[in-house]
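Peer 1: got a predicted structure plus its sequence, pasted below:
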Amino acid sequence: MNPGLLSPRFIYSRKNMKKVLTGVDVLSDRAHLYKGRVGLLCHNASVDSNCVHSTFRFKEMFGSRFVKIFGPQHGFFTDAQDNMIETDHSIHPYFKIPIYSLYSETRIPTDEMLAGIDHLFVDLQDVGSRMYTYIYSLTLLLEKCVGKRIEVIVLDRPNPLNGADLEGNILESDFRSFIGRHPIPVRHGMTIGEVALMHQKYWASAKTDVSIIKMENWKRKMNFMDTELPWLLPSPNLARAESAFTFPASVLFEGTNLSEGRGTSQPLEIVGHPKIEPFSYYDAHLKKVVGKSGLTGFVLRPIVFLPTSHKHSGIVCGGFQIHITDKKKFKPWRVGQLLLRELYHYLEDDFEWLKPPYEYNHVKEPIDIINGSDKLRNWVVNNDPIEVLDSFEKIEDFREQHETVKLY
């Protein structure tokens, strides 16, 4: 283990600086501590505060000792769309070192992939929602490295939604999948480094040699825009930091035949279907439902859009854009469940639940995999009141665990 790193051990801090620095920024002053061969799990959004990709930083810091790259879902280049679209292994076109895909025939690194690595760094931009797979690439890697002479070092990055607010139901164990491996709420309020600590403290059956290089000047109440860091695609359909806030709402529609905006310029911020007439429906019904719900911090805007790919490609859809007006008040999980319930009953026979497989689960309903429970699908079908959602949100035990892994 290296002195001065978290496990939980703390690195030095530049008290006089206000700019948020990610783990890879801070690593530049610590690179000399790592004497062995180095691997890096990263993707398109793995850049430092000056928008330089981590692979270039690693080549500068470690030279020929930087020997392997790993990529998560959507690939190292973040160019692969949708779930169960796998990425091939390849050779980096410039550095001429292998790129191993952890969303290929395997989601767990093999012994061959890990051979010859002494220090394996993880630099992934998560989006703060349980249904996003990068934290599971991390925990699968941690589990694989148990008992190996490999140190895993997580280069911490912001939770773009903030590290304070928690929301949504806890994943039920019967609905575990690659978009939900651990008992956490939809908005989990952790950085990826804190996920590693949570895994080691509460979920792992055996411990891994892991440390975390903290960010500097990041505060728990910051959202991504507050950090002034560059936002790059962490996955192909999250082009804006704003989309990370609507994702916990719009991702629910992946489990239906409604478009979640893929194939448009605003994916995961809009939802719709060819049979929706949004203007009259909003004015006569949906506006009143939203008003009575008590949910604030957003506006639903009736729209018409034309997907150029994915669901309803080439067919005009009516739907709604979720405009966030106050990020502190916006509750995306509740908003998404409310909108799903209303559109289910509006569309009636034109509404369909997506059928398996979904994220390699060939049995359970995709919507239940996304929700981590079948209770929410039943809530939608039964047209139950919004207050019932509170009974699903039992996060007290998780909140206590969350307190014990906070690094900031």
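Peer 2: Received the coordinates, thanks. Computed from a predicted structure; not experimentally measured.
Peer 1: shaky segments in the protein?
Peer 2: 1-17 (pLDDT under 70).
Peer 1: how about the most centrally placed residue in it: what's its closest non-neighbour residue?
Peer 2: With distances taken as Cα atoms, centre = their mean, Y132 lies nearest the centre of the chain, 3.2 Å away. Spatial nearest neighbour of Y132, excluding adjacent residues (Cβ to Cβ, 6 or more residues apart in numbering): D126 at 6.1 Å. For the C-beta atoms, the positions are set from N, CA and C on the backbone; glycine is no exception.
Peer 1: before we move on, what about E105?
Peer 2: E86 (7.3 Å).
Peer 1: against G147, how distant is that neighbour?
Peer 2: For E86, the distance to G147 (Cβ to Cβ, to the nearest Å) stands at 28 Å.
Peer 1: higher neighbour count, the two?
Peer 2: Neighbours per residue (other Cβ atoms under 10 Å) separate E86 from G147, with E86 holding more: 13 against 10.
Peer 1: the more buried one contacts S104, correct?
Peer 2: Yes: in this structure, E86 is within contact of S104 by Cβ atoms under 8 Å, at 5.0 Å.
Peer 1: skipping adjacent residues, who's closest to P160 in space?
Peer 2: Closest to P160 by Cβ to Cβ, 6+ apart is F224, at 3.6 Å.
Peer 1: show me what the closest residue to I69 other than its chain neighbours is bridged to.
Peer 2: Of all residues not flanking I69 in the chain, I99 sits nearest, at 4.5 Å (Cβ to Cβ, 6+ apart). Beta-bridge partners recorded for I99 (DSSP bridges): I69, S90.
Peer 1: OK, contacts around I99?
Peer 2: I69, F70, G71, F76, H89, S90, I91, H92 (Cβ atoms under 8 Å, 6 or more residues apart in numbering).
Peer 1: rebuild those as TSV, extending it with distance to T139.
Peer 2: Shown next, in TSV, are those (distance: Cβ to Cβ, whole Å):
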residue	distance to T139
I69	20
F70	14
G71	17
F76	19
H89	22
S90	25
I91	27
H92	25
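Peer 1: looking at those, which is nearest K207?
Peer 2: F70 (21.3 Å; Cβ to Cβ).
Peer 1: circling back to that earlier point, OK, contacts around the residue nearest to E105?
Peer 2: The neighbours of E86, taking Cβ under 8 Å, 6+ apart as the test, are A80, S101, Y103, S104, E105.
Peer 1: distance check, it against I369.
Peer 2: In terms of Cβ to Cβ, E86 sits 18 Å off from I369.
Peer 1: do you know how far E359 is from G255?
Peer 2: Distance from E359 to G255, by Cβ to Cβ: 11 Å.
Peer 1: now T264
Peer 2: For T264 relative to G255 (Cβ to Cβ), the value is 19 Å.
Peer 1: one more: K148?
Peer 2: 37 Å.
Peer 1: now swap in S177 and tell me
Peer 2: From S177 to G255 the distance is 12 Å (Cβ to Cβ).
Peer 1: find residues that contact each of these two.
Peer 2: Both S177 and G255 are contacted by Y358, I369, under the criterion Cβ under 8 Å, 6+ apart.
Peer 1: quick one: the residue nearest to E105 from A80, how far?
Peer 2: Counting by Cβ to Cβ - E86 and A80 are separated by 7 Å.
Peer 1: got any residues that touch both of the two?
Peer 2: Common neighbours of E86 and A80 (Cβ under 8 Å, 6+ apart) are Y103.
Peer 1: off-centre distance for the helix or strand harbouring E112?
Peer 2: In this assignment (DSSP states H and E), E112 forms part of helix 111-114. Put simply, helix 111-114 sits 26 Å off its chain's centre (Cα atoms, centre = their mean, to the nearest Å).
Peer 1: tell me which other helices or strands that helix touches.
Peer 2: Using 3 or more Cβ pairs under 8 Å, 6 or more residues apart in numbering; DSSP states H and E, no helix or strand is in contact with helix 111-114.
Peer 1: that one: which residues count as buried?
Peer 2: For helix 111-114, burial by neighbour count (16 or more other Cβ atoms under 10 Å) applies to M113, L114.
Peer 1: over to stretch 85-101?
Peer 2: Buried residues in stretch 85-101, counted by 16+ other Cβ under 10 Å: T87, I97, I99, Y100, S101.
Peer 1: doesn't V304 belong to a strand?
Peer 2: Yes: checked against DSSP: H, G, I helix; E, B strand; the rest coil, V304 lies within a strand.
Peer 1: and it, what does it touch?
Peer 2: G272, P278, V316, C317, G318, G319.
Peer 1: switch the cut-off to 6 Å
Peer 2: Applying Cβ atoms under 6 Å, 6 or more residues apart in numbering, we find V304 in contact with G318.
Peer 1: quickly list what it is bridged to.
Peer 2: Legend: beta-bridge partners of V304 under DSSP bridges are G318.
Peer 1: for I324, see how far away it is.
Peer 2: 21 Å.
Peer 1: domain map for this protein?
Peer 2: 23-235+397-404, 241-373 (automatic domain parsing).
Peer 1: which of the ones you listed sits closest to N382?
Peer 2: Once those are compared by Cβ to Cβ, domain 241-373 is nearest, at 9.2 Å.
Peer 1: now do the end-to-end distance for the closest one.
Peer 2: End-to-end distance for domain 241-373, by Cα to Cα, to the nearest Å: 28 Å.
Peer 1: distance from the chain centre to it, please.
Peer 2: On the basis of Cα atoms, centre = their mean, domain 241-373 sits 18 Å off its chain's mean C-alpha point.
Peer 1: next one: stretch 401-408
Peer 2: Stretch 401-408 sits 19 Å away from the centroid of its parent chain (Cα atoms, centre = their mean).
Peer 1: please identify the buried residues of stretch 308-326?
Peer 2: Of the residues in stretch 308-326, those buried (16+ other Cβ under 10 Å) are H310, K311, H312, C317, G318, G319, F320, Q321, I322, I324.
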